[in-house]
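Asker: Here is the input, now give the coordinates:
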Amino acid sequence: MLSSVEKSFVAAALPDWPTRLRVAAPWSDTAVILGGTADITGTITAMTRSARTFRDRREAGRVLARDLAGYRDRADVLVLGLARGGLPVAREVAAFLHAPLDVCLVRKLGVPQWPELAMGAVATGGGVVLNDDLLRSLDLTDDQVREVLDRETVELHRREDAYRPGRDPLELTGRTVILVDDGIATGASMVAAVRSVRRAGAADVVVAVPVGPAAVCRTLRAEADDVVCSTMPSDFHAVGQVYGDFHQIDDEEVHELLDSPITVTESD
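Answerer: Okay, here's the model as predicted:
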């Protein structure tokens, strides 16, 4: 189960701390598209797939890609993988959808006294999520939060330049952007990513993950136009619980995933 801190994590952006998204009660243990079916009709569809496991991120990406089949061969669609773990999944999705692939970077905002304790997240382009309950309980000042935010934003830009040497990011204006990660737990990083691509001019934003808790998926629907999650275990503890191979992705693998040609996946 998610802790009370995790449940409060999906919070408002920096200028509007008091506003918080509420975590709804868990839904049934099935794969669900929240807010739109695969043919983009705008309804909620359960795909009657019970909780499952994946051999690795690539297999998870192939399963997720078919849950997104309604976006295939659309000229307006592009896929962004959240670095680093989301990129192997996103590459499989992009190959199946015949869509361009790029990277979206998100950094945790650690509490000044305890950097491993996350108080929020920031994405490239300025999307920010803060846990306002945690900020209040620790009596953190605006200046303390701003210092951490500025430092992590600098690191975001450094990594973005390293991942795209001499290459501009894809243009998002007017596009349907599918944000892909290897899973969600609190949803904070994904909310930051959604807000970032909206600021960049995306017309529609789709959140797509192989696994996550149903309550958080439902909460994300308040931010994204569609939320697609392939499996939602009722006993969710961590993203890695559904993966056989869940090794940490390093920068070298990120470069390989972004730089090597994508082999188009044909329909079965």
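Asker: Endpoints of stretch 80-91, how far apart?
Answerer: End-to-end distance for stretch 80-91: 9 Å, by C-alpha to C-alpha, to the nearest Å.
Asker: Over to stretch 209-225?
Answerer: So stretch 209-225: terminal residues 14 Å apart, C-alpha to C-alpha.
Asker: any chance you could map the helices in the stretch 151-268 of the chain?
Answerer: Under the criterion DSSP state H, counting those that start in this stretch, helices of the stretch 151-268 of the chain are mapped to 188-199, 214-220, 251-259.
Asker: Just the pLDDT for residue 155.
Answerer: On pLDDT, residue 155 comes in at 90.
Asker: and the closest residue to it other than its chain neighbours, how far is that from residue 237?
Answerer: The shortest distance from residue 155 to any non-neighbouring residue, by C-beta to C-beta, 6 or more residues apart in numbering, is to residue 107 (6.1 Å). From N, CA and C alone the C-beta is placed, and that goes for glycine too. Separation of residue 107 from residue 237 (C-beta to C-beta, to the nearest Å): 24 Å.
Asker: Between those two, point out the one with more neighbours.
Answerer: Taking other C-beta atoms under 10 Å, residue 107 and residue 237 do not tie; residue 107 has more neighbours (22 against 11).
Asker: The more buried one looks like it's in a strand, true?
Answerer: Yes - according to DSSP: H, G, I helix; E, B strand; the rest coil, residue 107 belongs to a strand.
Asker: give the contact list for it.
Answerer: Listed by C-beta atoms under 8 Å, 6 or more residues apart in numbering, the contact partners of residue 107 are 121-123, 152-153, 155-156.
Asker: next one: residue 65
Answerer: So residue 65 contacts 92-93, 95-97, 265 (C-beta under 8 Å, 6+ apart).
Asker: Got the phi and psi for it?
Answerer: Main-chain torsions, residue 65, degrees, to the nearest 10: phi -60, psi -40.
Asker: now it, nearest residue through space, not along the chain?
Answerer: residue 96 (3.6 Å).
Asker: For the one you found, which residues are in contact?
Answerer: Going by C-beta under 8 Å, 6+ apart, the list of residues near residue 96 reads 62, 65-66, 68-69, 72, 265.
Asker: where's the residue in the chain sticking out farthest from the centre relative to residue 90, distance?
Answerer: Using C-alpha atoms, centre = their mean, the residue of the chain lying farthest from its centre is residue 139. It sits 28.8 Å away. Here residue 139 is placed at a distance of 39 Å from residue 90 (C-beta to C-beta).
Asker: ditto for residue 224
Answerer: Using C-beta to C-beta, one obtains 16 Å as the distance from residue 224 to residue 90.
Asker: Mind jotting down where the strands sit in this protein?
Answerer: With strands called from DSSP state E, the chain shows them at 32-34, 45-46, 77-83, 101-110, 118-123, 128-130, 176-180, 204-211, 226-231.
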